[in-house]
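Novice: Just to be clear, the model below is a prediction. Sequence and coordinates:
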Amino acid sequence: MASIRHFPATHPLPDWRNFGVMLRVLLGVNALAALAALLLANDLPGWKAHYIDLASLVEPLLLFGLGVLALLRNLLWRLPLRLGQMCVLVIFGALAQLLLQGAWSLNLFEAASPWRFLLLTWATTGLLLGYFELRSRAFSPAQAEARLAALNARIRPHFLFNSLNAVLSLIRARPSQAEAALESLSDLFRAAMRDPAELVSLADEIDLGRQYLELEYLRLGERLAVDWQIDNIPLDLPIPPLMLQPLLENAVYHGIEPAPVGGTIVIAIDQRADELHIRIANPVLSNSTGAGMHAAGNHMALANIRERLALYYDLEARLETEVAENRYEVRIVLPCRRKSP
């Protein structure tokens, strides 16, 4: 099973296919181009003209270069770090010269020293490579795993305490059900003690959510209804552990328990192109105070999951919430990765 040790943020050479990496490169290069235009210009109108000239040369180089590096990512990752970085410098240097020659042949720019443009290209590329190497050290596997362990530790006590209380409420009244519930609780304990850096299959995460809701059903009875909407998707897709359970716990605690008649929790999971979409919706009290209390109670779990998603996927995953008059909905979007890069 894949783990965070194989994820892009921990590799000193950036994952050129990752949206977060692309965005940082685009913003960084354009910021440097804007600074260069400011140094060349005499006034603000002149800065704008210089920046447009630089951008018209830099943007094609940048976009084409990112495309080439995305194609060569796996090959570059197999090389020693310094050799891989040198290859990136050579690739961008060669593309810069090809682009400059093409621009001269079309009379788009006045002839200038090709060495100056090459040195500027290498300097910018070197700065970005240095930034990504430093960033990979900040997100080293050991540090990322320690951070994940700390984040998971915040979830486990509340999760296991509530599950244990559900079992204790059955021991005297319904001992046979309590015995079955203890078996489910042991499975929940094993899931909670997993290595937080290791990904789990979607099937395992769904099973964990079902077991947790079955325990809550023993406590809440008919007040708790669950609607699973799972499309025909590959259940072996790897996802971070404990994605569903904290959200289901919040849905029960903030959506079902306060309602005298209970309600229905909807869990919808489907795949759209290369993205896995998870949606969890539950009823909330119709008055604004109840909705506000719900949002406040959800804050810790949502912040926890957002931070874990950032550690695993950078900017490629997202978590969104929506509060309607009688409904609270959480949506998670993950990239579909059957195996580690």
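Specialist: Good, I have the coordinates. Numbers count the residues shown, from 1 in each chain.

Novice: contacts and neighbour counts: CA atoms only from here.
Specialist: OK.

Novice: and Glu183, how far is that from Leu218?
Specialist: Between Glu183 and Leu218 the computed distance is 14 Å (C-alpha to C-alpha, to the nearest Å).

Novice: Between the two, point out the one with more neighbours.
Specialist: Neighbour count, other C-alpha atoms under 10 Å: between Glu183 and Leu218, Leu218 has more, with 18 against 13.

Novice: roughly how far out does the helix or strand harbouring that one sit from the chain middle?
Specialist: Assigned by DSSP states H and E, Leu218 belongs to helix 202-220. Put simply, helix 202-220 sits 24 Å off its chain's centre (C-alpha atoms, centre = their mean, to the nearest Å).

Novice: same check, this time on stretch 271-290
Specialist: Between the centre of stretch 271-290 and the centre of its chain there are 18 Å (C-alpha atoms, centre = their mean).

Novice: Show me which positions of that stretch end up buried.
Specialist: Under the neighbour-count criterion of 16 or more other C-alpha atoms under 10 Å, stretch 271-290 has 271, 275-285, 290 buried.

Novice: where does Leu98 fall, phi/psi-wise?
Specialist: Note on Leu98: backbone dihedrals following degrees, to the nearest 10 are phi -60, psi -40.

Novice: Check what pLDDT it gets.
Specialist: We have a pLDDT of 81 for Leu98.

Novice: who touches it in this structure?
Specialist: If a contact means C-alpha atoms under 8 Å, 6 or more residues apart in numbering, then Leu98 has no contacts.

Novice: Please report the distance of it from Ala37.
Specialist: 22 Å.

Novice: same thing with Leu276?
Specialist: With C-alpha to C-alpha as the criterion, Leu276 and Ala37 are 42 Å apart.

Novice: hey, where'd the helices end up in the stretch 151-300 of the chain?
Specialist: 175-192, 202-220, 245-250, 288-313 (DSSP state H, counting those that start in this stretch).

Novice: Helix 202-220 and the first one, what's the angle between them?
Specialist: Angular relation of helix 175-192 and helix 202-220 on a 0 to 180 degree scale: 140 degrees, by axes from the mean of the first three to the mean of the last three C-alpha atoms, to 10 degrees.

Novice: then helix 175-192 to PDB, C-alphas only?
Specialist: The C-alpha trace of helix 175-192 is given here as PDB (Å, rounded to 0.1, in the frame of the first residue of the first chain):
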ATOM      1  CA  PRO A 175     -25.800  -8.400  26.300                       C
ATOM      2  CA  SER A 176     -25.800 -10.300  23.000                       C
ATOM      3  CA  GLN A 177     -25.800  -7.100  21.000                       C
ATOM      4  CA  ALA A 178     -23.100  -5.700  23.400                       C
ATOM      5  CA  GLU A 179     -20.900  -8.700  22.500                       C
ATOM      6  CA  ALA A 180     -21.300  -8.100  18.800                       C
ATOM      7  CA  ALA A 181     -20.700  -4.400  19.300                       C
ATOM      8  CA  LEU A 182     -17.400  -5.200  21.200                       C
ATOM      9  CA  GLU A 183     -16.200  -7.200  18.200                       C
ATOM     10  CA  SER A 184     -16.900  -4.100  16.000                       C
ATOM     11  CA  LEU A 185     -15.200  -1.900  18.500                       C
ATOM     12  CA  SER A 186     -12.100  -4.100  18.400                       C
ATOM     13  CA  ASP A 187     -12.000  -3.500  14.600                       C
ATOM     14  CA  LEU A 188     -12.300   0.200  15.200                       C
ATOM     15  CA  PHE A 189      -9.400   0.100  17.600                       C
ATOM     16  CA  ARG A 190      -7.200  -1.700  15.100                       C
ATOM     17  CA  ALA A 191      -8.100   0.900  12.500                       C
ATOM     18  CA  ALA A 192      -7.300   3.700  14.800                       C
END
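
Novice: Does anything pack onto it? Which helices or strands?
Specialist: When contacts are defined as 3 or more C-alpha pairs under 8 Å, 6 or more residues apart in numbering; DSSP states H and E, helix 175-192 sits against helix 141-168, helix 202-220.

Novice: Off-centre distance for it?
Specialist: Distance of helix 175-192 from the chain centroid (C-alpha atoms, centre = their mean) equals 31 Å.

Novice: what about it, average pLDDT?
Specialist: Helix 175-192 comes out at a mean pLDDT of 71.
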